[in-house]
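1. Need a 3D model of the following:
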Amino acid sequence: RKFLTWIELDQACRNYMFAFLLVNVFLVYTLSGSFLFHINDFLESATFSTVISLLASSLPGQALFFCNYIMTRALSGFLLALLRPADLIVQHLKLKFLGSTPRKIRLIEACKPFAFHWAYANVAVLALITLVYAVMFPLVLVFACVGFWIYWLVCKYNLLAVYHNDYDGAGALWPGGFHC
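-> Next up is the predicted model:
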């Protein structure tokens with residue numbers, strides 16, 4: 001597909017990233033967890049309707065994992081986005097081995113653009129997990145609220161003080177990310 005603007009590219013990347021995270025984080029764990037619990041039932045009757053009913057009945061059993069997943073993302077993943085240790089190490093190594101002229105040093109130390117497609121997709125998957133398990137396991141709402149608050153603080157600081165934008169999207173990512 002040919003993209004005419006950076007916003008179209010960001011929108012496509014956000015959609016692909018969301019689909020990737022949805023399949024790999026939510027569906028794969030739910031399917032594998034329910035498959036291990038009901039392996040005998042799957043082997044006896046593997047029709048589509050029985051598989052769907054078995055998956056639906058095993059969905060509440062995965063609630064503790066996803067509560068822990070949200071806690072881990074909130075308390076370690078989002079805070080690591082504030083510290084950015086990998087960027088610090090890579091920048092130090094680049095300065096040491098590649099920073100031979102003032103121009104190269106300036107290019108290495110330049111601010112990077114914010115990855116909106118990554119941020120929107122991760123928040124959307126966490127919101128999806130929260131909405132799915134909020135009815136079955138209401139404690140997930142507390143951890144999700146704490147996680148979204150931490151993520152808001154981290155993104156606010158990073159957008160104001162760390163990252164820069166190469167272009168202005170004029171809010172074009174907002175409707176696709178939060179369309180109901």
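
2. Pop out the phi and psi values for residue 113.
-> Backbone torsions of residue 113, given as degrees, to the nearest 10, read phi -80, psi 150.

3. If I look at it, what pLDDT would I see?
-> Residue 113 is assigned a predicted lDDT (pLDDT) of 85.

4. Count the neighbours of it for me.
-> Counted with other Cβ atoms under 10 Å, residues neighbouring residue 113 total 11. All C-beta atoms are positioned from the backbone trio N, CA, C, and that covers glycine.

5. what secondary structure does the nearest residue in space to it that is not next to it in sequence sit in?
-> Counting by Cβ to Cβ, 6 or more residues apart in numbering, residue 166 is the residue found nearest to residue 113 once chain neighbours are left out, at 5.3 Å. Classification of residue 166 using DSSP: H, G, I helix; E, B strand; the rest coil returns coil.

6. Could you check how far residue 166 is from residue 140?
-> To residue 140, residue 166 is 37 Å away according to Cβ to Cβ, to the nearest Å.

7. Can you list the low-confidence ranges for this protein?
-> Within the chain, the stretches with pLDDT under 70 are 41-42, 177-180.

8. and stretch 93-107, which residues are buried?
-> With burial defined by 16 or more other Cβ atoms under 10 Å, the residues of stretch 93-107 counted as buried are residue 99.

9. quick one: terminal-to-terminal distance for it?
-> Start-to-end span of stretch 93-107 (Cα to Cα, to the nearest Å) is 14 Å.

10. and that stretch, how far out from the chain's middle?
-> With Cα atoms, centre = their mean, to the nearest Å as the basis, stretch 93-107 stands 32 Å off its chain's centre.

11. cool, stretch 66-75 as well?
-> 12 Å.

12. got the contact list for it?
-> 25, 29, 122, 126, 129-130, 132-133, 137, 139-140, 143-144, 146-148, 150-151 (Cβ atoms under 8 Å, 6 or more residues apart in numbering).

13. Just the buried residues of these.
-> Counted by 16+ other Cβ under 10 Å, the contacts of stretch 66-75 give 25, 122, 126, 129-130, 132-133, 140, 143-144, 147-148, 150-151 as buried.

14. Could you point out which of those is nearest to residue 8?
-> Nearest to residue 8 among the buried ones among the contacts of stretch 66-75 is residue 122, at 20.6 Å by Cβ to Cβ.

15. Brilliant, that's me finished.
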